[in-house]
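[1] Dropping a prediction and its sequence here:
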Amino acid sequence: MAGIVKERLFTPGPTPLLLEAQVRALTATLHHRTEDFRRVLRETLEYLRYYFNTQNDVLIFSSSGTGAMEGAVANLLSPGERVLIGTAGKFGERWVGLAKAYGAEVSVVEAPYGQCLPMAEMTKHLESDGPFRAVFVQATESSTGVSHDVKALGEVVKNYADTCLVVDAITGLGTTDLRPDEWCLDVMIGGSQKATMVPPGLAFVSVSEKAWKLIEKSKSPRFYFDFAKERKNLAKGETSYTPATTLVVSLHVALEHIKKIGRENLIANAALHAEATREAAKALGLALFAACSPANAVTSIRAPERMDSGVIVKDLRSRFGAIISNGQGSMKGQIFRLAHLGYYDALDLFAVIAGLEITLRKVGHKIELGAGVRAAQEVYLRRCA
């Protein structure tokens with residue numbers, strides 16, 4: 001292709017990076033056993049509490065989000081204990097794999113890809129098939145673009161003194177209204193490469209007092225992801241092991257930025273882009289994949305009939321440098337996904353929809369140029385008058 005083509009991420013992780021956070025990371029040379037780094041780490045943990053919307057302890061690990069998911073399983077469970085897992089996508093299935101790896105007895109409530117978890121069925125299992133040591137769910141299932149009603153589930157699980165609700169909020173944080181203290185979300189997990197606008201490599205975990213009491217009873221082996229050990233060291237302004245110092249410094253700047261603009265405004269930004277993208281897709285004759293409760297973090301769109309979604313993904317990248325996501329697993333070739341979490345603005349939105357229109361025309365899907373952009377603009381004008 002002639003001319004300049006800039007690459008831009010529209011994937012649900014990694015996401016575009018905040019420039020100030022990148023610059024600070026490049027200039028940071030802090031040693032992790034110094035008072036300078038301890039100050040940064042303490043402030044970062046306070047910012048994380050704000051970002052999580054919680055007064056609970058928040059832990060930080062140098063790992064992917066999956067590491068914190070494994071940590072939640074290892075710290076809460078003893079081998080042979082029973083757990084309830086709600087799954088409606090690839091990341092719900094990850095909970096199943098993790099729980100089985102630690103010897104848990106797993107009961108699964110499953111919904112088809114693109115559907116919401118049936119909370120009535122989850123409740124029925126808790127009432128008639130317990131006791132369970134933990135319930136594992138996603139706040140947002142980014143493989144399908146669906147969000148789940150964790151508030152309703154928290155209302156149920158709070159009545160079971162020996163059962164914790166564990167929520168993978170890796171793409172939910174910063175895109176969705178989540179209130180862990182009010183909704184009794186005992187363990188909530190986040191990751192750095194999402195709405196926090198920094199690179200992959202850090203995982204976060206909020207832990208309630210109820211969860212800490214159950215962690216004391218767990219007999220599963222753990223070493224690196226030992227929540228109690230990490231809590232003790234973080235109270236001193238240190239991590240148990242060598243942290244990803246430049247990522248922590250970068251995160252500190254990004255979270256400071258989030259607090260300045262307001263957590264609610266970050267969430268509203270994702271909601272605006274998600275709604276505008278859904279309306280644009282409809283205006284272009286495309287069907288949404290999320291049949292209920294579409295997520296703010298990412299919009300999943302069905303490819304036109306008899307077309308592989310990979311063709312759209314490939315053309316958008318080669319023509320415009322816009323990197324979007326194909327479907328995962330059985331959804332590969334069936335859907336494509338555009339993300340909205342973190343460092344996106346309205347011009348990013350309008351540009352990617354305009355590029356998508358040209359790509360659709362080029363790959364043979366008949367559309368009226370400008371229809372999707374117009375639909376997105378109308379949502380913007382309605383919400384940002």
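    That came through fine.
[2] CA only for contacts and neighbour counts going forward, please
    Fine.
[3] Would you state the strands of the stretch 151-300 of the chain in chain order?
    Counting by DSSP state E, counting those that start in this stretch, one finds strands in the stretch 151-300 of the chain at the ranges 164-168, 187-191, 202-207, 298-302.
[4] Packing partners of the last one?
    Using 3 or more Cα pairs under 8 Å, 6 or more residues apart in numbering; DSSP states H and E as the contact test, the elements touching strand 298-302 are helix 263-283, strand 335-339.
[5] Can you pull out the low-pLDDT segments for the protein?
    Applying pLDDT under 70 to the chain flags residues 1-2.
[6] okay, which residue is most central for it?
    residue 171 (1.2 Å; Cα atoms, centre = their mean).
[7] which one of the strands of the stretch 151-300 of the chain is the most hemmed in?
    strand 187-191 (a mean of 29; mean count of other Cα atoms under 10 Å).
[8] what's the angle between that strand and strand 202-207?
    Put simply, strand 187-191 runs at 170 degrees to strand 202-207, going by axes from the mean of the first three to the mean of the last three Cα atoms, to 10 degrees.
[9] Please identify which of the helices and strands packed on strand 298-302 is closest to residue 89.
    Nearest of the helices and strands packed on strand 298-302 to residue 89, taken as Cα to Cα: strand 335-339 at 13.4 Å.
[10] Please state the offset of that closest one from the chain centre?
    Relative to its parent chain, strand 335-339 has a centroid offset of 14 Å by Cα atoms, centre = their mean, to the nearest Å.
[11] Parallel or antiparallel, list what pairs with it.
    Strand 335-339 pairs in its sheet with strand 298-302 (antiparallel), strand 325-326 (antiparallel), by DSSP bridges.
[12] now the first one, how far from the chain's geometric center?
    In this case it means strand 298-302. 15 Å.
[13] what does stretch 28-40 give?
    Distance, centroid of stretch 28-40 to centroid of chain: 28 Å (Cα atoms, centre = their mean).
[14] Next: stretch 180-192.
    Worked out by Cα atoms, centre = their mean, stretch 180-192 lies 12 Å from the chain centre.
[15] Report the separation between the two terminal residues of that stretch.
    19 Å (Cα to Cα, to the nearest Å).
[16] Same check on stretch 130-148?
    End to end - Cα to Cα - stretch 130-148 spans 22 Å.
[17] In that stretch, which residues are buried?
    By neighbour count on 16 or more other Cα atoms under 10 Å, the buried set for stretch 130-148 is 131-148.
[18] how about the helices of the stretch 251-385 of the chain, start to end?
    For the stretch 251-385 of the chain, the helices defined by DSSP state H, counting those that start in this stretch occupy 263-283, 309-320, 346-362, 371-383.
[19] For the last one, name the packing helices and strands.
    Counting by 3+ Cα pairs under 8 Å, 6+ apart, the packing neighbours recorded for helix 371-383 are helix 263-283, helix 346-362.
[20] For residue 117, grab the count of nearby residues.
    24 (other Cα atoms under 10 Å).
[21] Let me see the contact set for it.
    86-88, 109-111, 148-149 (Cα atoms under 8 Å, 6 or more residues apart in numbering).
[22] And for residue 211?
    Going by Cα under 8 Å, 6+ apart, residue 211 touches 76, 164, 186-187.
[23] how far away is the closest residue to residue 8 other than its chain neighbours from residue 303?
    Spatial nearest neighbour of residue 8, chain neighbours left out: residue 322 (5.0 Å); criterion: Cα to Cα, 6 or more residues apart in numbering. According to Cα to Cα, residue 322 and residue 303 sit 17 Å apart.
[24] Which of the helices and strands packed on helix 371-383 sits closest to residue 307?
    helix 346-362 (10.5 Å).
[25] Check which helices and strands the closest one sits against.
    Helix 346-362 packs on helix 263-283, helix 309-320, helix 371-383, going by 3+ Cα pairs under 8 Å, 6+ apart.
[26] Need the winner for burial among those helices.
    Greatest average neighbour count among the helices and strands packed on helix 346-362 goes to helix 263-283 (a mean of 22), per mean count of other Cα under 10 Å.
[27] Tell me how many other residues crowd the residue nearest to residue 8.
    Under the neighbour criterion other Cα under 10 Å, residue 322 is assigned a count of 24.
[28] That one reaches residue 352, doesn't it?
    Yes - Residue 322 lies in contact with residue 352 (Cα atoms under 8 Å); the separation is 7.1 Å.
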